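J.: Below are the sequence and a predicted model for it; my questions follow.
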Amino acid sequence: MNYNKMLRNSVALTGLAGCFLFSFQAHAQSENDREEGFYLSASAAAEFLNDSDFVGIQNPAAGVPGVAGAPADVNVEYDTGFALRGAVGYQFKNGLISFLKPRVEVEVSYAEADVDGGAFNGGNQTFGGSINRFTATAALYNDIVWSPNQKVIPYLGSGIGIGVVDADINYFPNNGVATAPTFEVDGNPTGLVTFNAIGATVKASKRFDIFAEGRYTKVYRRDFTRRFVADGSNGFNANLRDDTESFGVGLGVRAKF
């Protein structure tokens, strides 16, 4: 009997088994590690902006049309717009409640919509222009997980940060005289922004998730101006204030590091 050959074969088999076991353990560890860690996300959404009610009191500069002390209420309606979002997040393995798996995100987003119509002090005017919104937020989400093999994971989240709303809204009265904008609502003021989100994640693979989300966003109390712009003028008429609110429905993808 060739004991040397048997010994070499035994060593080889032991080494092969050891390599297989190490590989299995490393794979299991990597799978386990993916339950916690960093990820990137990107999404696109249809954005439905609530009507804006820009409210103020007229205080026209010299030579600018208007009545001092009269209301300056500009109601604006919007077409369906869009929003683009990108975020860096961190998924935690465990939370304070067993079935809630928390994650945190830092996100930037951009949204835009065209003006669909409006009215000044309840009158009959032709409106045009657009509005856009940029936000930077920090958010906390909770994934609702009740099974380790769960493929669809509902989640809830809320965020807070800063938002910049850039308005470029113009109009002229439908009196048969003006055919170009006579007044404009403009400004790009910064304000506090919050959002609340609800959605569901589908685990597409070990590293990629696909998610669908509905989100309500509000930028609070920013200042704008109403200006007389006919014939190249740029005369002040009134300071205006408004909240910008919207509801978005979108799809996105997360990639785990």
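T.: That came in fine, so what should we check first?
J.: host element of the residue nearest to Asp53 when sequence neighbours are not counted?
T.: Spatial nearest neighbour of Asp53, excluding adjacent residues (CB to CB, 6 or more residues apart in numbering): Asn75 at 5.6 Å. Just so you know, the C-beta spots here come from the backbone N, C-alpha and C atoms, and that holds for glycine as well. With elements taken from DSSP states H and E, the one containing Asn75 is strand 74-78.
J.: The residue nearest to Asp53: neighbour count?
T.: 16 (other CB atoms under 10 Å).
J.: before we move on, what about Gly122?
T.: Other residues near Gly122 come to 8 when the count uses other CB under 10 Å.
J.: again, but for the one 5 residues further on
T.: Per other CB under 10 Å, the neighbour tally for Phe127 reads 20.
J.: Next, count neighbours for Thr179.
T.: Neighbour count of Thr179, defined by other CB under 10 Å: 8.
J.: Do me a favour and average the pLDDT over the very next helix or strand once past the strand holding Asn75.
T.: With elements assigned by DSSP H and E, the helix or strand that comes after strand 74-78 is strand 81-91. When pLDDT is averaged along strand 81-91, the result is 98.
J.: what's the span of stretch 43-55, first residue to last?
T.: The straight-line separation of the ends of stretch 43-55 (CA to CA, to the nearest Å) is 33 Å.
J.: ok, which stretches of this protein are strands?
T.: All strands of the chain, identified by DSSP state E, fall at 37-49, 52-58, 74-78, 81-91, 100-120, 125-144, 152-173, 183-187, 190-203, 208-228, 235-256.
J.: Let's have the ones you listed in CSV, adding distance to Ala68.
T.: Formatted as CSV, the strands of the chain follow (distance: least, CB to CB, whole Å):
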stretch, distance to Ala68
strand 37-49, 31
strand 52-58, 6
strand 74-78, 17
strand 81-91, 35
strand 100-120, 16
strand 125-144, 21
strand 152-173, 20
strand 183-187, 16
strand 190-203, 27
strand 208-228, 13
strand 235-256, 10
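J.: which one of those strands lies closest to Pro65?
T.: Closest of those to Pro65 is strand 208-228, at 5.9 Å (criterion: CB to CB).
J.: need the contact list for Asp143.
T.: Asp143 makes contacts with Leu100, Lys101, Pro102, Arg103, Ile153, Pro154, Tyr155, Thr201, as judged by CB atoms under 8 Å, 6 or more residues apart in numbering.
J.: for the first one, what are its contacts?
T.: It refers to Leu100. Counting by CB under 8 Å, 6+ apart, the residues that Leu100 touches are Asn142, Asp143, Ile144, Val145.
J.: one more time with 10 Å
T.: By CB atoms under 10 Å, 6 or more residues apart in numbering, the contact list for Leu100 reads Phe92, Asn94, Tyr141, Asn142, Asp143, Ile144, Val145, Tyr155, Leu156.
J.: likewise the third one?
T.: Under the criterion of CB under 10 Å, 6+ apart, the contact partners of Pro102 comprise 90-96, 140-143, 155, 157.
J.: Quick check: closest non-adjacent residue to Glu245.
T.: Asn50 (4.3 Å).
J.: From Asp116, how far out is Asp242?
T.: Distance of Asp242 to Asp116, computed by CB to CB, to the nearest Å: 16 Å.
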